[in-house]
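Chemist: using only what follows, build the 3D model:
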Amino acid sequence: MLKPLEVLISVDTSFSLGEGSKKHLKYSPIGERSILCDGNGLGFMLDALDRFHINASFFIETANESYFGAEPMGKIVKKILLSGQDTQLMVNPSWCYFDKSAKYSINDSCAGREYIELRTILEKSLKTFKKWCNKKPLVIRAANGQVDQLFYKVIYDLGIHMSSSIGLEMNIPHGKEMLLYSGRSRIADIMEVPLFTYQDKDIMGGYPSKTWQIATSSWKEMVYILKKARKMEVESIVLLTKPSDYIKKKSPDYSEITQNRINQERLLKLCSFINEYDQDFVSVDFSTTAEGWNKSESNNIKRFKVPTRFRNGRKIENLINKMFWNF
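Modeler: Numbering: from 1, shown residues only. Model (predicted):
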């Protein structure tokens, strides 16, 4: 009997830099409010996941401790752990700019750095993660998909054997071996589990890459992707979201926010769909799958195409959602 398609909802859990890493500050970094969002962010997500018995993996950004200290994100991690959800490590080097123990650039990329600098950043991130989560992460995610071969060497040297960083819509890493759209592929002794990336036809006749994110992929697209992937006997799929996807804000300081009904509806429908069709789909997290997934690679489907009509509908829906505050 064919196993259900494993659906992994991954959640980038990071405070907002605002414009805090720029020389002329108008907006300082935003802490808890950028994740809690007056109950419409993390709280909404945890309630939705619990309601439909859905597992997810929350990637915790730890270098923000350089600016905020340990308490703000530490409290958020406790909420996630108390809800029974999985935690893994996210690395955004931009936050290290505020660490005055050494000189770091404001660059948010894990790619293009010297070995010693990157290892120092990752070691500090690992130490903070262990303090907050009381465990070592099984999986690391580099912010914005910015990785290179050295990134994989460093995390291997630190005893981490899995990454879920690549999302080709966000960033295209250098090297053909890193053009990963789905599945699992080994890079320099590390198993990379990329965010699922598909293609749709644009008005110029090309097929641009679109990484599955709840904030930008329509519900109709999601259903089409899941059903098509199931027919193709795809083993697993990883998608991306973050707590701030579920609100709208009028400025980077989060001073005025409201719920994002479209995105909230997308998450609720996805959770309900997985729950209802449990013979075909199952929600998973990295804590329960990493050991098994690390043993074998799975197909990197390079040309998973979605009909143009879904692309057009998505763009219209997202445009209206962006333009109208109360939509």
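Chemist: and the host helix or strand of K227, what's its mean pLDDT?
Modeler: Using DSSP states H and E, the element containing K227 is helix 219-231. The average pLDDT for helix 219-231 rounds to 96.
Chemist: what is that helix packed up against?
Modeler: strand 5-13, strand 236-241, helix 261-276, strand 305-306, helix 308-323 (3 or more CB pairs under 8 Å, 6 or more residues apart in numbering; DSSP states H and E). C-beta coordinates here come from the backbone N, C-alpha and C atoms, glycine included.
Chemist: tally of neighbours for the closest residue to K220 other than its chain neighbours?
Modeler: Excluding the flanking residues, the one nearest K220 by CB to CB, 6 or more residues apart in numbering is F310, at 5.6 Å. Counted by other CB atoms under 10 Å, the residues lying close to F310 total 21.
Chemist: list the contacts of F310.
Modeler: F310 sits next to D200, S218, K220, E221, Y224 when contact means CB atoms under 8 Å, 6 or more residues apart in numbering.
Chemist: still on that earlier bit, go through the helices and strands packed on helix 219-231 and name the closest to K228.
Modeler: Of all the helices and strands packed on helix 219-231, strand 305-306 sits nearest to K228, with 8.0 Å by CB to CB.
Chemist: quick one: the strands in the stretch 151-300 of the chain?
Modeler: With strands called from DSSP state E, counting those that start in this stretch, the stretch 151-300 of the chain shows them at 162-163, 185-187, 190-192, 197-200, 209-211, 236-241, 247-249, 257-259, 281-283.
Chemist: mark which of the contacts of F310 are buried, thanks.
Modeler: D200, S218, E221, Y224 (16 or more other CB atoms under 10 Å).
Chemist: I'd assumed T308 was in contact with the last one.
Modeler: Translated: Y224. No: using CB atoms under 8 Å, Y224 makes no contact with T308, being 11.9 Å away.
Chemist: assign a three-state SS to T87, would you?
Modeler: Reduced to three states with DSSP: H, G, I helix; E, B strand; the rest coil, the structure at T87 is strand.
Chemist: which residues does it contact?
Modeler: S57, F58, F59, I60, V77, I80, L81, F129, W132, C133, K135, P137 are the contacts of T87 under CB under 8 Å, 6+ apart.
Chemist: and the fifth one, what element?
Modeler: If I follow you right, that is V77. Here V77 is assigned to helix 71-82, by DSSP H and E.
Chemist: now what about that helix, what contacts it?
Modeler: 13, 15, 31-32, 35-36, 42, 46, 58, 60-62, 64-65, 87, 131-133.
Chemist: mind giving me the PyMOL select for those residues, buried ones only?
Modeler: To isolate the buried subset of the contacts of helix 71-82 in PyMOL, counting by 16+ other CB under 10 Å, use the following:
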select buried, resi 13+15+31+32+35+36+42+46+58+60+61+62+64+65+87+132+133
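Chemist: so what sits opposite the residue nearest to I274 when sequence neighbours are not counted in the bridge?
Modeler: Using CB to CB, 6+ apart and skipping residues adjacent in sequence, the residue nearest I274 is F281, 4.7 Å away. For F281, the beta-bridge partners under DSSP bridges are L5.
Chemist: what separation do you get for F281 and K103?
Modeler: 48 Å (CB to CB, to the nearest Å).
Chemist: and those two? Which one has more around it.
Modeler: Shown here are F281 and K103; by other CB under 10 Å, F281 has more neighbours (20 against 9).
Chemist: residues contacting the more buried one?
Modeler: Residues counted as contacts of F281 (CB under 8 Å, 6+ apart) are P4, L5, V7, L226, R230, F273, I274.
Chemist: let's see it at 7 Å
Modeler: P4, L5, V7, L226, I274 (CB atoms under 7 Å, 6 or more residues apart in numbering).
Chemist: for those, which one is nearest V147?
Modeler: Checking the contacts of F281 one by one against V147 (CB to CB), the nearest turns out to be V7, at 23.5 Å.
Chemist: ok so, going back, out of the contacts of T87, who's nearest A70?
Modeler: Of the contacts of T87, the one sitting nearest to A70 (CB to CB) turns out to be W132, at 7.5 Å.
Chemist: make sure I have this right: that closest one is in a helix.
Modeler: Yes: W132 sits within a helix when classified using three-state DSSP.
Chemist: count the residues that sit near L2.
Modeler: When neighbours are counted by other CB under 10 Å, L2 registers 8.
Chemist: low-confidence stretches in the stretch 201-327 of the chain?
Modeler: For the stretch 201-327 of the chain, the stretches flagged by pLDDT under 70 are 203-205.
Chemist: want to throw the buried ones among the contacts of F310 into JSON lines with distance to D108?
Modeler: Below are the buried ones among the contacts of F310 laid out as JSON lines (distance: CB to CB, whole Å):
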{"residue": "D200", "distance to D108": "28"}
{"residue": "S218", "distance to D108": "28"}
{"residue": "E221", "distance to D108": "28"}
{"residue": "Y224", "distance to D108": "33"}
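Chemist: done for today, thanks.
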